[in-house]
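Participant: how would this look folded up:
(one chain, ligands or ions: 2)
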Amino acid sequence: MNHPFDSKPSLAESVGLSTAPMPTRLYTDPTHYEVERERIFRRAWLMVGRVERIPKAGDFFVKDIAVLKSSIIVARSDDGKIRAFHNVCAHRANIVEHRPNGNAKRFVCRYHSWGYSNAGELAHVPDEAGFFNLDKKKCGLTPVAVDVWEGWIFINMQTAPEVSLQAFLGPMADALANIDYPDPDHPIVLRGEFNANWKTVAENFSEAYHIASIHPKTLGTIYTGRDNPFSRPISANLYGPHRSLSLWLNQSNPPSDKAKVMRWLFSSGQTITGTRKEGQTNSIVEHKAVNPTKHENWSSDVNWFFPNWHLQISANQFWTHEFWPTSANTTVWEARFYKPKSTTVRERLQLEHFTSHMTDTMLEDLGNIESMQAGMESGAKSFVVFNETEILCRHGLEQVVKWTAAATAKEALD
Ligand code: FES
Ligand SMILES: [Fe+2]
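Facilitator: Numbers count the residues shown, from 1 in each chain. Ligands and ions are numbered 1, 2, ... in the order given. Okay, here's the model as predicted:
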């Protein structure tokens with residue numbers, strides 16, 4: 001099989017990436033983790049959800065973000081605007097909203113019942129006369145910077161973000177502009193906490209090199225074949241701090257019974273190739289940045305937005321992974337598979353089958369992610385080495401090094 005990774009110099013070298021081993025301490029050192037909290041998670045724009053989660057005035061969801069030691073309310077206010085606030089009361093700093101999502105005219109702190117409008121203004125104080133010079137205008141919920149790109153809601157924890165969301169996304173936003181996301185309303189959500197550093201978890205979803213080895217039955221017959229036994233990708237692109245990879249699909253063998261349900265993820269039961277064929281209704285495959293080489297044997301794209309969000313796309317489908325650190329060596333992983341709402345029992349059963357199959361696949365990953373972390377923590381190896389096809393992992397790690405060394409977000413983006 002011919003693909004870009006056969007060429008010399010390697011893709012990594014041609015885009016200026018190092019090919020040297022990388023230090024394991026980046027995954028294990030609690031001191032490094034503290035620097036990541038401040039210099040990456042407090043400075044980068046972080047994707048927290050899609051606009052379809054809060055379509056009506058008053059709709060909200062709460063995002064608890066351990067790495068920021070913060071709980072954030074993301075709400076659509078009565079004026080229709082999306083706002084984000086710290087979920088912290090101006091009275092004595094209790095957490096205000098304890099529901100994970102809902103619709104609210106008022107956010108009411110349960111401790112002494114201070115009430116806030118869904119635009120974050122302090123609206124009600126019981127026994128207001130008993131306070132001393134209380135300036136209610138200054139006692140709203142503390143706002144958090146928020147912006148929306150193509151239906152994706154991002155927050156930034158800097159009080160006045162150094163760089164706009166547009167500047168932060170840069171060439172990645174340009175490349176992926178105007179995608180028509182099919183069925184963005186009804187995701188299946190899978191969530192779990194891994195005993196591993198957030199980068200160890202994110203990297204697992206960023207390379208296909210491990211598929212032949214640990215997923216031979218669940219994914220192997222789809223992503224590997226005689227022509228491509230190690231699931232080498234079709235192409236890769238680096239966009240500032242962000243990155244994309246297009247993965248190969250085995251079109252020649254009929255999938256095994258176990259893998260059929262995964263085919264459904266890629267094709268909705270249709271034969272898919274690099275370009276839209278008769279019967280395919282969604283234009284997603286024609287987008288210039290989706291399968292950018294329009295390769296016939298294309299399965300899906302991994303778009304990894306720095307630092308912790310994956311947007312993955314296949315013909316007619318998209319799904320996301322979020323990797324939220326909870327400590328130096330624990331991570332909450334949350335995946336959303338966007339599917340059409342079931343309208344028949346058969347479709348519902350298909351969805352359940354798909355979900356259980358995804359869970360099986362995840363269990364194959366889980367043991368390896370956690371044992372890799374354990375191996376790194378043992379101190380036996382000071383370095384890890386990356387295959388050429390693990391280019392997203394390498395680029396991710398190099399960006400982590402860059403952002404943790406940079407004095408400002410602007411400098412990190414240069
Ligand atoms: S701490 Fe919220 S009302 Fe008192
Ligand atoms: Fe995997």
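
Participant: For whatever helix or strand residue 27 lives in, C-alpha coordinates in CSV please.
Facilitator: Assigned by DSSP states H and E, residue 27 falls within helix 25-28. Backbone C-alpha positions of helix 25-28 (Å, rounded to 0.1, in the frame of the first residue of the first chain) are rendered in CSV as follows:
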residue,chain,number,x,y,z
ARG,A,25,7.8,12.3,33.3
LEU,A,26,5.3,14.3,31.2
TYR,A,27,2.7,11.7,32.0
THR,A,28,3.6,11.0,35.7
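
Participant: Run the chain-centre distance for that helix.
Facilitator: Centre-to-centre, helix 25-28 and its host chain are 21 Å apart (C-alpha atoms, centre = their mean, to the nearest Å).

Participant: same for the helix or strand that comes right after it, what does it pack against?
Facilitator: Sequence-wise, the next helix or strand downstream of helix 25-28 (DSSP H and E) is helix 30-36. Judged by 3 or more C-beta pairs under 8 Å, 6 or more residues apart in numbering; DSSP states H and E, helix 30-36 is in contact with strand 317-327, helix 391-405. C-beta coordinates here come from the backbone N, C-alpha and C atoms, glycine included.

Participant: Going along the chain from helix 30-36, find the next helix or strand for me.
Facilitator: strand 46-50.

Participant: From the contact counts, what lies against that following strand?
Facilitator: So strand 46-50, by 3+ C-beta pairs under 8 Å, 6+ apart, packs with strand 59-65, strand 70-76, strand 152-156.

Participant: Check residue 1 and give its pLDDT.
Facilitator: As predicted, residue 1 sits at a pLDDT of 56.

Participant: Get me the contact residues on the protein for ligand 1.
Facilitator: Residues of the chain found near ligand 1 (C-beta under 6 Å from any ligand atom) are 89, 91, 92, 94, 109, 111, 112, 114.

Participant: try 8 Å
Facilitator: 89-94, 96, 109-114 (C-beta under 8 Å from any ligand atom).

Participant: can you tell me which residues contact residue 333?
Facilitator: Residues in contact with residue 333 (C-beta atoms under 8 Å, 6 or more residues apart in numbering) are 191, 192, 193, 194, 201, 321, 322, 323, 324.

Participant: Likewise for residue 230?
Facilitator: 209, 212, 224, 389.

Participant: That one and residue 251: what is the separation?
Facilitator: Distance, residue 230 to residue 251, using C-beta to C-beta, to the nearest Å: 17 Å.

Participant: Could you do residue 118 as well?
Facilitator: Distance from residue 118 to residue 251, counting by C-beta to C-beta: 50 Å.

Participant: In the contacts of residue 333, find the pair that's most separated.
Facilitator: Using C-beta to C-beta, the contacts of residue 333 reach their maximum pairwise distance at 193 and 321, which is 14.1 Å.

Participant: Between the two, which is the more surrounded one?
Facilitator: residue 321 (21 against 12; other C-beta atoms under 10 Å).

Participant: Assign a three-state SS to the closest residue to the more buried one other than its chain neighbours, would you?
Facilitator: Nearest non-adjacent residue to residue 321, counting by C-beta to C-beta, 6 or more residues apart in numbering: residue 310, 4.1 Å away. Following DSSP: H, G, I helix; E, B strand; the rest coil, we place residue 310 in the strand state.
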